[in-house]
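*Asks:* Sequence and predicted model, in that order:
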Number of protein chains: 2
Amino acid sequence: MDRTNPIGFFDSGIGGLTVVKSVTEILPNENIVYFGDTARVPYGGKSNDTVVEYTIQAANFLLRKNIKLLVVACNTASSVALKELKKFLTIPVIGMIEPGSKMALQETKKGIVGVIGTRSTIGNKAYSNEIKRLNPKTKVYEKACPLFVPLAEEGWINNKVTGLVAKEYLTELKEKKIDTLVLACTHYPILNEVIQKAVGKNVKLVHSGIPAARIVEEYLNGRGLRNISNQLGKREFYVSDVPSKFQEIAEIFLGKKITHLHKVELDELTNE
Amino acid sequence: MDRTNPIGFFDSGIGGLTVVKSVTEILPNENIVYFGDTARVPYGGKSNDTVVEYTIQAANFLLRKNIKLLVVACNTASSVALKELKKFLTIPVIGMIEPGSKMALQETKKGIVGVIGTRSTIGNKAYSNEIKRLNPKTKVYEKACPLFVPLAEEGWINNKVTGLVAKEYLTELKEKKIDTLVLACTHYPILNEVIQKAVGKNVKLVHSGIPAARIVEEYLNGRGLRNISNQLGKREFYVSDVPSKFQEIAEIFLGKKITHLHKVELDELTNE
């Protein structure tokens, strides 16, 4: 494996770009290959079997790009498929659950943590299991918020409706006196302000992008795989579908222009 | 082709069950095979190429069940892929656009019609083209309402939020003085009351289920293919994924219990 090999990122769609954003901020010289499974998005309401199948197909696609490290930049896929992935991959894999859980434990003072995510992530109790494994005394309250993803993608960020939806979902967590809330879906940082308002300004919001980026950095340093070039890394983006407005929405999530965008045919994923 | 062969129904997910409901009400003795592509739902935000590819795979799957007639019980697939389907199918195909458009023209008195649907259905102008083809003098105003599907699936039917979303989407159509509104997505009948309230009680709501069912009946009568058995038809349901709560939600859409539910592996669809 070479230092100049790219880091692979995978998400069900575009949400994972918020994680790419965090990684490129601290590791601007790394080459990056991103795959978003936009032809089959969203994963959050699908069964575990289906999510595992899609995730393995995506990992195989990225392996063919000679990635040195895989970041599963999708909470649903991380909560469902990480163990399966680790069984067959020889390169390191970083999911969203561990970095998000550790950061939540660093932040909480009262030991009362809330977690919000898709139906699948919450149904699998991925975060509460991980947080309690790390610190069994922590109280964890979880809540699925399926409307946050379509609201973020509709761009209703400062909208009254989004505020009401947030209140409807989050009041029960507020009443549990959480002091830390994990945004366990890569779309949710887009709704940061609305969520903060709904839970109150004293609750610390945590998402996995920044802690995951730090773990990526540690891994690369530890294994001598950090790209030491002083040039800005190459960033390639692959998606299984390019619907209208895709690029526009994707650039909001990434916070930058996307120049190298390619479409992958589904056959290339499924006919392994 | 035999009278006892089943009618095939296809939808991206569960919305098409509202069409099955209409058909079984007037044709209770017909055998039915339904396929819902729940592993790749929703189609409404995806590109035309992807929707055509998925629709052809679904049609091929249903053809192997010896269907005598195909109902594309999905507005997005109807608006994007019906022409392609007709090119290669030898059995009749009924989409949602023509029946819904005809019914809108029967209902409108002022000749001012609104159409609401997914981003894809509206972006393709499928209804406005069809309505204007049938009656060029009609004024048609269209509006994509991407949040209605997740709201219906979240079960937020009598919720304040859904009322606000409906108002946000529909006020501009109300201001155009429409007297008829086509619900051009099979999920929307679930939100009938909220939509009615947002546009006012004088606007007639139209959806394709009932007129499509009448066209199915005409076709079968005209071709001597009506099932003349006096027994209740057999109803089989196939889906590409069975997420948690699937059956519960599906039964709300169908208005009946589902007894014959089978999972189709994606390989069976894609490896044609």
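*Replies:* All right, it came through fine.

*Asks:* Once you drop chain neighbours, what's closest to the residue in the stretch 51-200 of chain A positioned nearest to chain B?
*Replies:* Using C-beta to the nearest C-beta, the single residue of the stretch 51-200 of chain A nearest to chain B is A:P150, 4.5 Å away. (C-beta placed from N, C-alpha, C; glycine too.) Using C-beta to C-beta, 6 or more residues apart in numbering or on different chains and skipping the chain neighbours, the partner closest in space to A:P150 is B:P150 (4.5 Å).

*Asks:* Also A:L27?
*Replies:* Nearest to A:L27 is A:E217, by C-beta to C-beta, 6+ apart, at 6.0 Å.

*Asks:* dump the residue contacts of that neighbour.
*Replies:* The neighbours of A:E217, taking C-beta atoms under 8 Å, 6 or more residues apart in numbering or on different chains as the test, are A:26-27, A:226.

*Asks:* Helices along the stretch 151-272 of chain A, start to end?
*Replies:* All helices of the stretch 151-272 of chain A, identified by DSSP state H, counting those that start in this stretch, fall at A:160-175, A:192-199, A:209-222, A:246-254, A:266-270.

*Asks:* Please identify the buried residues of the third one?
*Replies:* Okay, so that is helix A:209-222. A:209-216, A:219-220 (16 or more other C-beta atoms under 10 Å in any protein chain shown).

*Asks:* so where is the stretch 151-272 of chain A shaky, pLDDT-wise?
*Replies:* Low-confidence segments of the stretch 151-272 of chain A (pLDDT under 70): A:272.

*Asks:* That one against chain B: which residues are in contact?
*Replies:* Listed as neighbours of chain B in the stretch 151-272 of chain A under the rule C-beta under 8 Å from any C-beta of the partner chain: A:151, A:153-154, A:156, A:159-161, A:164-165, A:168, A:240-244, A:266-267, A:270-271.

*Asks:* how about JSON lines for the helices of the stretch 151-272 of chain A, with distance to B:S79 added?
*Replies:* What follows is the helices of the stretch 151-272 of chain A, written out as JSON lines (distance: least, C-beta to C-beta, whole Å):
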{"stretch": "helix A:160-175", "distance to B:S79": "27"}
{"stretch": "helix A:192-199", "distance to B:S79": "33"}
{"stretch": "helix A:209-222", "distance to B:S79": "37"}
{"stretch": "helix A:246-254", "distance to B:S79": "19"}
{"stretch": "helix A:266-270", "distance to B:S79": "21"}
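
*Asks:* Work out for me the element A:I56 sits within.
*Replies:* helix A:48-63 (DSSP states H and E).

*Asks:* Give me the distance between the residue nearest to A:L27 and A:L105.
*Replies:* 20 Å (C-beta to C-beta, to the nearest Å).

*Asks:* Ok, A:K201 next?
*Replies:* Distance from A:K201 to A:L105, by C-beta to C-beta: 21 Å.

*Asks:* One more: A:S229?
*Replies:* 35 Å.

*Asks:* So if I had to pick from these two, which one is more boxed in?
*Replies:* Counted by other C-beta atoms under 10 Å in any protein chain shown, A:S229 and A:L105 do not tie: A:L105 has more neighbours, with 17 against 12.

*Asks:* so how far is the helix or strand where the more buried one lies from its chain's centroid?
*Replies:* Assigned by DSSP H and E, A:L105 falls within helix A:97-107. Its chain's average C-alpha position is 14 Å from that of helix A:97-107, according to C-alpha atoms, centre = their mean, to the nearest Å.

*Asks:* Check which element follows it along the chain.
*Replies:* strand A:112-117.

*Asks:* I'd like to know which elements that next one is packed against.
*Replies:* helix A:75-88, helix A:97-107, helix A:126-134, strand A:139-144, helix A:160-175, strand A:180-183 (3 or more C-beta pairs under 8 Å, 6 or more residues apart in numbering or on different chains; DSSP states H and E).

*Asks:* ok, now which ones touch the closest residue to A:M1 other than its chain neighbours?
*Replies:* With sequence-adjacent residues excluded and distances taken as C-beta to C-beta, 6+ apart, A:M1 is closest to A:K68, at 5.0 Å. With contacts defined as C-beta under 8 Å, 6+ apart, the neighbours of A:K68 are A:1-3, A:5-7, A:91, A:220, A:225.

*Asks:* Now do the one helix or strand the residue nearest to A:P150 maps to: which elements does it pack against?
*Replies:* According to DSSP H and E, B:P150 maps onto helix B:148-154. In this structure, helix B:148-154 makes packing contacts with helix A:148-154, helix B:160-175, judged by 3+ C-beta pairs under 8 Å, 6+ apart.

*Asks:* nearest to A:K174, of those?
*Replies:* Among these, helix A:148-154 comes nearest to A:K174, with 16.1 Å by C-beta to C-beta.

*Asks:* measure A:F237 to chain B for me?
*Replies:* 16 Å (C-beta to the nearest C-beta, to the nearest Å).

*Asks:* That residue pairs with what?
*Replies:* A:Y34, A:L261 (DSSP bridges).

*Asks:* what's the nearest residue to A:L232 if we skip its chain neighbours?
*Replies:* A:P28 is the one closest to A:L232 (C-beta to C-beta, 6+ apart), at 5.8 Å.
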